[in-house]
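Q: Curious how this folds, go ahead:
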Amino acid sequence: MSYNKLPADPTAMILGIIGLVIALAGCCCGIFAVVPLVLGIIGLVMCNKSLREYHSNPDVYTPQSKSNVSTAKVLNLIALILGAAMIIGYIVYFAFYGVMASQMFKDVYEIQRNGDDYHYEWDSDSLYHDEETYEYGNDTISIDSIRIDDGEIIEVETAPLDSIN
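A: Below is the predicted model:
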């Protein structure tokens, strides 16, 4: 008696392996999440069709071919699940940051629409230090310093001593 391979034996296995590799290696790029999803769906359809064919007439096909198609079905299912999880993850990620960005744009729009200019309140800033005044000869030196990180930005203004009165 002559045994045959199932129609999806090599193809479904290849689709499952490629889909799984792309799902695992391409998880950092959102556009590649669609590829394992599509390959997994195509591979699962092929596997189910071949397994139905095997169950209708098992004497014609080799048991090894059925085992290969069953393995391909599992690989395609894993690739499909990983692809779907990545797509859902990217949708949640972009929805969250999209809401944050739209709120920021809405706030800027409201400020501009109301004609308000946004001014930073230096007095309420915890990094603000009061102005210090030093006398040097006939001049007065005012120093206003703001600490940024570990550096210090210093603005020095000089004024004649008799203009302070």
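
Q: can you map out the strands along this protein?
A: 132-136, 139-148, 151-160 (DSSP state E).

Q: Let me see the mean pLDDT of the shortest one.
A: Regarding strand 132-136, the rounded mean pLDDT is 59.

Q: before we move on, what about stretch 52-66?
A: 90.

Q: who's in contact with it?
A: M1, Y3, N4, K5, L6, P7, D9, L51, V69 (CB atoms under 8 Å, 6 or more residues apart in numbering). In this view, the C-beta of every residue, glycine as well, is placed from N, C-alpha and C.

Q: Buried residues of that stretch, list them for me.
A: By 16 or more other CB atoms under 10 Å, the buried positions in stretch 52-66 come out as E53, Y54, Y61, S65, K66.

Q: isn't G43 right up against D9?
A: No - look at G43 against D9 with CB atoms under 8 Å: they stay out of range, at 11.9 Å.

Q: Could you name every residue contacting both of these two?
A: Residues touching both G43 and D9 (CB under 8 Å, 6+ apart) are A72.

Q: For these two, indicate the residue with more neighbours.
A: Ranked by neighbour count (other CB atoms under 10 Å), G43 and D9 place G43 first, with 30 against 21.

Q: From I88, how far off is the residue nearest to the more buried one when sequence neighbours are not counted?
A: In space, not counting the residues next to it along the chain, G43 is nearest to N76; the distance is 3.4 Å by CB to CB, 6 or more residues apart in numbering. Note on N76: its distance to I88, by CB to CB, to the nearest Å, is 19 Å.

Q: neighbour count winner among those two?
A: Set N76 next to I88 and count neighbours by other CB under 10 Å: N76 wins out with 29 against 11.

Q: Hmm, that one is touching I18, no?
A: No - using CB under 8 Å as the test, N76 is too far from I18 to be in contact (10.1 Å).

Q: Tell me how many other residues surround A84.
A: A84: 16 neighbours (other CB under 10 Å).

Q: for the chain, which spans come out with low pLDDT?
A: 1-2, 27-30, 115-165 (pLDDT under 70).

Q: Could you rerun that using 90?
A: Within the chain, the ranges that satisfy pLDDT under 90 run 1-10, 22-36, 57-63, 83-165.
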